[in-house]
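Participant: Quick one, structure for this:
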Amino acid sequence: MQILSVEQLTTRLGTLPGPEPRVVVSGNLATPTTLLHALERAVERCRVFALNAHSDWPHSPNFISETPFVGPGMRQDPLLDYLPMRLSLVPRLFDSSRPVDAVLLHTSTPRLRKVSLGIEVNILPAAIERVRARGGLVIAQMNPQMPYTFGDGEFPTDWIDVAVEVDHPLTCTPVMEPNDVALQIGERVAGFAENGGTVQLGIGQIPTIAAGQMADRRHLGIWSEMLGDGILDLERSGCLDPDRLIQTSFLVGSAELYEWAYANPRLKMVRTEIINDPARIAANPAMLSVNAAMQIDLFAQANASYVAGRIYSGFGGQPDFVSGALHSQGGHAVVALPSWHEKTDSSAVVPVLSNPVTSFQHSAIVSEQGCAEIFGRSHHAQARLLAERVAHPRARPELLEAAGRLGLLHFPDESS
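Facilitator: Residues are numbered from 1 along each chain as shown. The predicted structure follows:
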């Protein structure tokens, strides 16, 4: 590993091969901004592949942004190249249609001749392995404020070709006061957690609130694509099984969460193709998968990817975890959403989705209005449950009328 200045690194990046080299970059809240801006100065044109890029993502005519999960930094990018696919399958791209020429990483400082990817493992181990096999570059932004975490994100310093040293605080998510809607949804979601079961906790108010409502559960396991501050509530409440590793692929949250993660022997950071593998998810007992959506329709199809006909995020791990949880013994795949969107003054429950479907065939749909347990119900019963127990009262008459037009109200008694 060679330590370079930013200026020297910029020169080195200028030697990347071809007219449009592909560079994989750490995403979410671990984006190596120093490396990314050096790349922007170094090349005339390149393809930059990252998951959930945030607001510091550069918008430049020499950057073509590639991603299967669109973050706020890419949503308005006219050069965005969105790749619709399950997150569990993304690493296969690096073997086929999306070969990698360089990987830009945000890592910890060395420890026993190793570095750690810290809060963001995800697809990066696969990218590192593929780029090394092709003779490409592995470049690290080493930061003492990146927590050293154990698992698939640890690798020898010999795997790094060049590095720059920085000392930057990590980006944290803002703490938001929960509103009544989120409190009611989180409480209902928590009701699906069983003693000795397994929980997937995502980002945002609802998973954090749900975790706080699980204080009386015991021997819970964690198998989750990502973790936020809700894990701290479970830890403090004594909910977690001390004999089960806490397994996840990336962290998004507060400085306290990152401090908790530092050299935590109970936390294992796991690569995407393992943590998102539906078969491995299904192997967990009583797997509770909780996912958000923007819309749900009367056929119980969820849209978590599009807003007003434009890509907002992507599949992410939702279809992986929905499928895995449904095949888990005693598992539940729950979709949680508010019944009404205040910004657009519109119902979150619609007759039929006009946007592409993100996931379907869930076991329950939860809003602040109530819960529709739909697993094993007919499509007639599903529609009535969604209209009467999940939808906002303002939307129910129109939804029931639409259900009639769609032929979904033939057996009204089944939903009781």
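Participant: Just the pLDDT at residue 295, thanks.
Facilitator: Model confidence at residue 295, given as pLDDT, is 97.
Participant: Can you verify my assumption that it contacts residue 352?
Facilitator: No. At 10.2 Å, residue 295 does not count as touching residue 352 under the criterion of Cβ atoms under 8 Å. From N, CA and C alone the C-beta is placed, and that goes for glycine too.
Participant: of those two, who's got more company?
Facilitator: residue 295 (22 against 10; other Cβ atoms under 10 Å).
Participant: Looking at strand pairing, list the partners for the more buried one.
Facilitator: Counting by DSSP bridges, residue 295 forms beta bridges with residue 303.
Participant: And it, how close does it get to residue 395?
Facilitator: Here the criterion is Cβ to Cβ, to the nearest Å. By it, residue 295 lies 12 Å from residue 395.
Participant: intersection of neighbour lists for these two?
Facilitator: Shared contacts of residue 295 and residue 395 (Cβ atoms under 8 Å, 6 or more residues apart in numbering): residue 349.
Participant: Which other helices and strands does the least confident helix or strand in the chain by mean pLDDT contact?
Facilitator: Least confident helix or strand, the chain: helix 205-212 with a mean of 88, by mean pLDDT, DSSP states H and E. Counting contacts by 3 or more Cβ pairs under 8 Å, 6 or more residues apart in numbering; DSSP states H and E, helix 205-212 packs against helix 180-190, helix 230-236, strand 287-292.
Participant: Please tabulate those in a markdown table, including the columns mean pLDDT and mean neighbour count.
Facilitator: Compiled in a markdown table, those are given as follows (pLDDT from 0 to 100; neighbours: other Cβ atoms under 10 Å):
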| stretch | mean pLDDT | mean neighbour count |
| --- | --- | --- |
| helix 180-190 | 95 | 20 |
| helix 230-236 | 93 | 20 |
| strand 287-292 | 95 | 27 |
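Participant: Of these, which is nearest residue 385?
Facilitator: helix 180-190 (13.9 Å; Cβ to Cβ).
Participant: Can you list the strands that the following helix or strand past that closest one pairs with?
Facilitator: Moving toward the C-terminus from helix 180-190, the next helix or strand (DSSP states H and E) is strand 198-200. Under the criterion DSSP bridges, strand 198-200 sits next to strand 221-227 (parallel), strand 287-292 (parallel) in its sheet.
Participant: so what's residue 114 bridging to?
Facilitator: residue 111, residue 156.
Participant: Neighbours of it, how many?
Facilitator: Residues near residue 114, counting by other Cβ under 10 Å: 16.
Participant: repeat for the one 3 residues further on
Facilitator: Using other Cβ under 10 Å, residue 117 has 28 other residues around it.
Participant: Then residue 349?
Facilitator: 25.
Participant: That one: what's it in contact with?
Facilitator: 295-298, 339, 367, 386-387, 390-392, 395, 399.
Participant: Try it again at 10 Å.
Facilitator: 295-298, 337, 339-340, 365, 367, 369, 372, 383, 386-387, 390-392, 395-396, 398-399 (Cβ atoms under 10 Å, 6 or more residues apart in numbering).
Participant: So which of the residues you listed belong to strands?
Facilitator: Judged by DSSP state E, the subset of these located in strands is 295-297, 340, 365, 367, 372.
Participant: who's in contact with the residue nearest to residue 355 when sequence neighbours are not counted?
Facilitator: Nearest in space to residue 355, with sequence neighbours left out and distances taken as Cβ to Cβ, 6 or more residues apart in numbering, is residue 306 at 3.8 Å. Residues near residue 306 by Cβ under 10 Å, 6+ apart: 294-295, 312-314, 353-358.
Participant: change it to 7 Å
Facilitator: 312, 355-356 (Cβ atoms under 7 Å, 6 or more residues apart in numbering).
Participant: Kindly provide the distance from residue 269 to residue 45.
Facilitator: 33 Å.
Participant: Same drill for these two, tell me which one is more crowded.
Facilitator: Counted by other Cβ under 10 Å, residue 269 and residue 45 do not tie: residue 269 has more neighbours, with 27 against 13.
Participant: Compare the strands paired with strand 198-200 and give me the one nearest residue 4.
Facilitator: strand 221-227 (31.8 Å).
Participant: How about residues contacting that closest one?
Facilitator: Contacts of strand 221-227 (Cβ under 7 Å, 6+ apart): 198-203, 231, 240-241, 244, 246-252, 275-276, 281, 284, 317, 321.
Participant: how about a cut-off of 8 Å?
Facilitator: Residues outside strand 221-227 that contact it (Cβ under 8 Å, 6+ apart) are 28, 87, 197-203, 231, 234, 240-241, 244, 246-253, 257, 272, 275-276, 280-281, 284-285, 287, 316-317, 320-321.
Participant: model confidence over it, on average?
Facilitator: For strand 221-227, the mean pLDDT works out to 97.
Participant: which residues touch residue 338?
Facilitator: 181-182, 185, 348, 367-368.
Participant: distance of it from residue 321?
Facilitator: Look at residue 338 and residue 321: by Cβ to Cβ, they are 21 Å apart.
Participant: now do residue 97
Facilitator: 25 Å.
Participant: which of those two has more neighbours?
Facilitator: More neighbours surround residue 321 than the other of residue 97 and residue 321, with 29 against 8 (other Cβ under 10 Å).
Participant: The more buried one and residue 288 touch, don't they?
Facilitator: No. Shown here, residue 321 and residue 288 do not form a contact pair, counting by Cβ under 8 Å, at 9.8 Å.
Participant: Pull up the overlap in contacts between those two.
Facilitator: residue 200.
Participant: In what element of secondary structure is residue 103 found?
Facilitator: Counting by DSSP H and E, residue 103 is found in strand 102-107.
Participant: Can you give me the pLDDT of residue 380?
Facilitator: Residue 380 is given a pLDDT of 93.
Participant: Repeat that for residue 277.
Facilitator: pLDDT, residue 277: 98.
Participant: mind checking how far it is from residue 166?
Facilitator: Distance from residue 277 to residue 166, by Cβ to Cβ: 34 Å.
Participant: repeat for residue 315
Facilitator: Taking Cβ to Cβ, one finds residue 315 at 33 Å from residue 166.
Participant: Bridged to the residue nearest to residue 3 when sequence neighbours are not counted, which residues?
Facilitator: Counting by Cβ to Cβ, 6+ apart, residue 3 lies nearest to residue 163, which is 5.6 Å off, once chain neighbours are set aside. Using DSSP bridges, the beta-bridge partners of residue 163 come out as residue 3, residue 140.
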